[in-house]
Each structure stands twice: as C-alpha cells, then as structure tokens.
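Q: got a predicted structure here, sequence first:
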Amino acid sequence: MSDYESRTMILRRPDLGPPGDYEEWGSPAGMSNMDFTVDAGCEEALRTQRVFTRYAGWNFNGRVWLDAEGSFSCQVWVYGSPVATVRAETLDALMHEVSGEWGYE
C-alpha cells in the first residue's frame, strides 16, 4: 500500500459536496493536475474560511473543501455529473488520488 493509499478514501457518495453556505475561492481553480500545484494561500483559505476551491483535470472537475472532521474532501464531477467524493489528510494526497482515478498521473 502506497503512502497516498493509506491516507485517502474514495466515498462512492457523489452527493457529498461542500456545505451550501461555502463560497468559491480562487479564480478559476486553486489546484491543477497539470503540474500538481496548489495556488498560494489556497490551503490556508480552506482551513480558515468557509470556502471551497476547484481542482481542474483533463477528464474531471472537483470541488475541494475542508470537511467537519478536518480532512480535505473533493467532490469529483465528470461530464457535468458528480461521481464520487474523495477524502484525504493533505491536498497533495487528495490530488494524486483523484488524478489517479479520473485523470492521468
């Protein structure tokens, strides 16, 4: 089991998204799988504000937020429909798990 696998969980519950009162942070996305980057200030904003950001990939778009348990969550959308929610302890682990399942890595 890789380090990423030990810290991530794919929930086959696509209905799990950020709370309805969260506002979008970043323009247009705070994260990208093109080079696995996280915009400056993104992690801090997710930890300290009621916000979500986008994680854009070739075959998916994700909505990322810090959930009530303190994990980062990503609701993955493919072709306009939510397909799953992924949880991880770090944004790096979250990006690799989502990209490994729905993008390319």
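A: Arrived safely, thanks for sending.

Q: and for residue 37, the neighbour number?
A: When neighbours are counted by other Cβ atoms under 10 Å, residue 37 registers 13. (Each C-beta comes from the backbone N, C-alpha and C, glycine too.)

Q: any idea what it is bridged to?
A: For residue 37, the beta-bridge assignment (DSSP bridges) gives partners residue 32.

Q: check it and give its pLDDT.
A: What the model reports for residue 37 is a pLDDT of 80.

Q: what does the one 4 residues further on give?
A: Here, the pLDDT recorded for residue 41 equals 88.

Q: quick one: residues contacting it.
A: The contact partners of residue 41, taken as Cβ atoms under 8 Å, 6 or more residues apart in numbering, number zero.

Q: the closest residue to residue 104 other than its chain neighbours and residue 67: what is the separation?
A: For residue 104, ignoring the flanking residues on the chain, the nearest one in space by Cβ to Cβ, 6 or more residues apart in numbering is residue 58 at 6.2 Å. As defined by Cβ to Cβ, to the nearest Å, residue 58 lies at a distance of 25 Å from residue 67.

Q: what's the answer for residue 52, then?
A: Per Cβ to Cβ, residue 52 is found 10 Å from residue 67.

Q: who has more neighbours out of those two?
A: residue 52 (25 against 13).

Q: rounded mean pLDDT for stretch 98-105, please.
A: Mean predicted lDDT for stretch 98-105 stands at 81.

Q: hmm, who's touching it?
A: Contacts to stretch 98-105, defined as Cβ under 8 Å, 6+ apart, come from residues 4, 10, 33, 36, 55, 57-60, 62, 74, 76, 78, 83-84, 86, 96.

Q: how many neighbours does residue 43 have?
A: For residue 43, the neighbour count with other Cβ under 10 Å is 19.

Q: now the element after the host helix or strand of it, going C-ward?
A: Applying DSSP states H and E as the criterion places residue 43 in helix 42-48. Once helix 42-48 ends, the next helix or strand along the chain (criterion: DSSP H and E) is strand 51-56.

Q: got the angle between the next helix or strand after that following strand and strand 51-56?
A: Where DSSP H and E defines the elements, the next helix or strand beyond strand 51-56 is strand 61-66. Strand 61-66 runs at 150 degrees relative to strand 51-56, counting by axes from the mean of the first three to the mean of the last three Cα atoms, to 10 degrees.
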